Each structure stands twice: as C-alpha cells, then as structure tokens.
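Visitor: Sequence first, predicted coordinates after that:
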Amino acid sequence: MPRGRVPGVSEADIHLERVTKRFAETTAVDDLTMSIPRGGFFAMLGPSGCGKTTTLRMIGGFEDPTDGRVFLGGNDVTALPPYRRDVNTVFQSYALFPHLSVLDNVAYGLKQRRLGKTERHARAREVLDLVRLPTLGDRKPKQLSGGQQQRVALARALVMSPQVLLLDEPLGALDLKVRRELQIELKRIQESVGITFVYVTHDQEEALAMSDRVVVMHAGRIEQLGPPREIYDTPATRFMADFIGETNFIRRNGDTIAVRPEQLHVTTEHGAAGEVLPGTVVTTMVVGPAVQCLVRTDDGQEVLVREQRSRRGTGAESLREGDRVFMAWAPDEALTVESTEVGR
C-alpha cells in the first residue's frame with residue numbers, strides 16, 4: 001500500500017497499524033493495531049514496562065517504530081519528525097522557561113510561528129482563562145505552585161491548537177488533593193476545546209474517571225480496550241480482573257470465580273439470598289466512607305468485603321476479629337475465571 005492518506009482510517013485522529021518497537025533484545029510494543037476516535041479523552045493504562053509510554057512517544061514522533069505505521073487524521077506520519085506532526089505533548093516535568101513570565105511561556109510556541117506580540121499575547125490570555133489562571137500572566141514559574149505550573153504547561157500546549165494532545169503522566173508529581181482537582185479540570189478542558197486527548201497513566205482510578213475509552217496494555221500488547229464501565233465490570237482476562245480495581249479470586253466447587261469486594265455482603269446470619277460462603281473475621285478496617293472486612297473462609301481463603309459505612313455503625317462495621325460470618329453475592333456478579341485468562 002502506498003504511503004499517504006488512507007481512507008479506511010481517516011475517521012480516527014490516530015491509527016496505529018501493526019506497530020512494533022524493539023530496543024535491542026527487548027520488545028516494548030508488540031504488533032499493536034489500534035484506532036483512537038476524533039475528539040475524545042483516551043487513556044492508556046498499564047503497569048510499568050507495559051509499553052504505554054513508548055506507544056505515546058511513537059505517536060508523537062519521539063520514537064521510530066521498528067515495524068508498522070502511524071497515522072494522524074488518515075495521513076501516514078511514520079517518517080515525520082515531531083515538529084511536522086500536528087501534535088503537542090505535556091510531560092510530567094513542566095519544562096517551563098524560568099526567565100520568562102507565565103504569559104510569555106504560554107505564548108512561546110506562537111512566537112516561533114512568527115505571530116506578532118499583540119496577537120500571541122491575546123491568544124495566550126484566552127488559554128490562561130481556560131485553565132483558570134487569568135491573573136497570573138505576569139508571574140514567573142518559581143512563584144507558582146506545582147498545580148499552577150502544570151496548568152501553565154497545559155496552556156502552552158493548548159495555545160497551539162493541535163489536532164491531538166498527548167499527556168504523559170502529567171499529574172504524577174502532584175499531591176493527591178491537587179491531582180484530583182486537576183483531573184476534573186483536564187476533563188472539563190478537553191470537553192470545552194474538543195481536541196483529542198491521549199493520556200498515559202498507571203493510575204487506574206484516574207484513567208477510569210477521566211476517559212471516554214481506555215486501553216489497558218500488558219507486555220507490549222493490548223489486553224482490553226473499551227469504555228471505563230466495560231473495563232471495570234467485564235474484564236476480558238484474569239490479568240484484567242486482577243489489575244483493575246480489587247478482586248477476590250475465590251475457589252468454589254472446582255472453579256475459580258472473580259468477585260469485587262463491593263459486590264459482597266457480609267452477615268452474621270445464614271439467610272442471605274444468592275451464593276453464600278461461611279468464614280471468620282480476621283480484621284475490620286474503616287477507610288473513609290467505607291468499611292473493609294477481611295474474612296478467612298473455612299478452607300483457608302482470605303476474602304475482602306467492602307461496604308458503605310452506616311451512621312449507626314452496623315453491618316460490617318460492627319464486626320470484630322473472630323466473629324462467625326457468611327458472605328453472599330448475586331450469581332450474576334461473579335465471573336468464572338481460568339488459571340490464566342477469561343473470555344479468550
């Protein structure tokens with residue numbers, strides 16, 4: 001097939017066709033084919049070393065594929081350098097110019113495009129409004145908090161109006177409270193500007209909360225790709241059931257089933273509907289608005305149960321070490337898993 005625009009992938013902002021990346025004897029990305037729709041928030045999730053950042057770098061042009069092709073908007077850009085791709089990248093390190101004001105940091109790329117000072121500053125102020133830093137244009141980066149500096153880095157990328165914005169764990173260096181605030185802000189900004197965001201993270205909660213679609217990678221390959229609800233509720237493999245959220249793998253009647261802690265209900269009476277498993281409480285822990293109860297079954301398995309706390313301190317919150325209990329779950333809330341994978 002000749003290089004150039006390919007009609008079959010033109011509806012996607014990004015399309016990877018059988019992309020492989022090897023570093024010496026190590027295969028970081030292995031024969032990956034994937035399309036990212038236009039205008040959405042797409043998360044790439046997986047453990048360290050799974051290939052997600054390498055994939056992002058190949059989209060941005062910072063790494064060349066060993067094999068395969070990269071398309072942006074239907075155009076083959078595999079051989080193009082980063083500056084010739086309509087893509088901007090936000091990294092975990094802010095990389096702001098310390099000697100420039102916030103306004104000039106944001107406008108820097110427009111200056112390289114030879115826009116006049118009045119126009120580039122006007123556009124930079126618009127984007128600073130978008131990231132909710134309208135009054136900080138005259139400050140230097142060292143006068144800002146970490147969260148504010150990350151907003152400036154985001155504004156600097158957005159002001160160029162790229163077709164695609166790549167974000168490589170941009171919130172990883174921030175504390176939890178600021179990180180959660182910026183998760184909401186990033187989602188709001190993406191919906192406002194309509195640019196395709198491709199967001200690399202190892203944080204499951206972050207990926208599931210922010211994105212329209214999630215790809216989970218493992219050992220250089222796609223383990224599962226779909227909407228967040230599908231990724232969480234119907235994991236396609238045992239790796240997915242184990243990696244996403246918390247899962248109990250319970251041996252029962254010769255099979256192994258996967259049940260989320262929040263899908264279990266614990267009681268001191270053997271009268272619950274559905275599947276029931278007896279055991280003894282090991283410990284009970286209050287975790288914010290929830291209570292977790294670790295139960296050891298009669299055959300030695302340890303099972304985690306999580307329930308919302310009640311104002312009266314009843315239910316799982318009232319249980320203590322040594323209490324005899326029964327765990328129950330609805331049959332349709334358990335997935336039967338094999339030793340290695342599910343649904344394949």
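Guide: Received the coordinates, thanks.
Visitor: Check the residue most central in space within the chain and give its pLDDT.
Guide: Most central in the chain under Cα atoms, centre = their mean is residue 207, positioned 2.3 Å from the mean C-alpha point. In this prediction, residue 207 carries a pLDDT score of 94.
Visitor: That one and residue 232, how far apart?
Guide: According to Cβ to Cβ, to the nearest Å, residue 207 and residue 232 sit 10 Å apart. (Each C-beta comes from the backbone N, C-alpha and C, glycine too.)
Visitor: again, but for residue 201
Guide: From residue 201 to residue 232 the distance is 15 Å (Cβ to Cβ).
Visitor: So for these two, which sits in the more crowded spot?
Guide: Applying other Cβ atoms under 10 Å to residue 201 and residue 232 shows that residue 201 carries more neighbours, namely 23 against 16.
Visitor: And the pLDDT for the more buried one?
Guide: At residue 201, pLDDT is 93.
Visitor: for residue 255, same thing?
Guide: In this prediction residue 255 is given a pLDDT of 86.
Visitor: hey, what's it bridged with?
Guide: Beta-bridge partners recorded for residue 255 (DSSP bridges): residue 252.
Visitor: Isn't it up against residue 335?
Guide: No - using Cβ atoms under 8 Å, residue 255 is not in contact with residue 335; the gap is 10.4 Å.
Visitor: Compare neighbour counts for these two and give me the winner.
Guide: Counted by other Cβ under 10 Å, residue 255 and residue 335 do not tie: residue 335 has more neighbours, with 20 against 11.
Visitor: surely that one meets residue 235?
Guide: Yes - using Cβ under 8 Å, residue 335 makes contact with residue 235 at a distance of 7.1 Å.
Visitor: which SS class is the residue lying closest to residue 287 once chain neighbours are set aside?
Guide: Using Cβ to Cβ, 6 or more residues apart in numbering and skipping residues adjacent in sequence, the residue nearest residue 287 is residue 306, 7.9 Å away. Under DSSP: H, G, I helix; E, B strand; the rest coil, residue 306 falls in the strand class.
Visitor: which residues of the stretch 1-150 of the chain score low on pLDDT?
Guide: Per-residue confidence for the stretch 1-150 of the chain (pLDDT under 70) gives these ranges: 1-11.
Visitor: and residue 174, helix, strand or coil?
Guide: coil.
Visitor: can you pull the contacts of it?
Guide: Contacts for residue 174 were tallied using Cβ atoms under 8 Å, 6 or more residues apart in numbering; they are 146, 147, 150, 182.
Visitor: Buried ones among those?
Guide: 147, 150, 182 (16 or more other Cβ atoms under 10 Å).
Visitor: pretty sure the second one belongs to a helix, no?
Guide: Yes - according to three-state DSSP, the state of residue 150 is that of a helix.
Visitor: Distance check, it against residue 263.
Guide: 36 Å.
Visitor: Pipe the buried ones among the contacts of residue 174 into a markdown table and attach distance to residue 194 per row.
Guide: Formatted as a markdown table, those follow (distance: Cβ to Cβ, whole Å):
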| residue | distance to residue 194 |
| --- | --- |
| 147 | 24 |
| 150 | 21 |
| 182 | 19 |
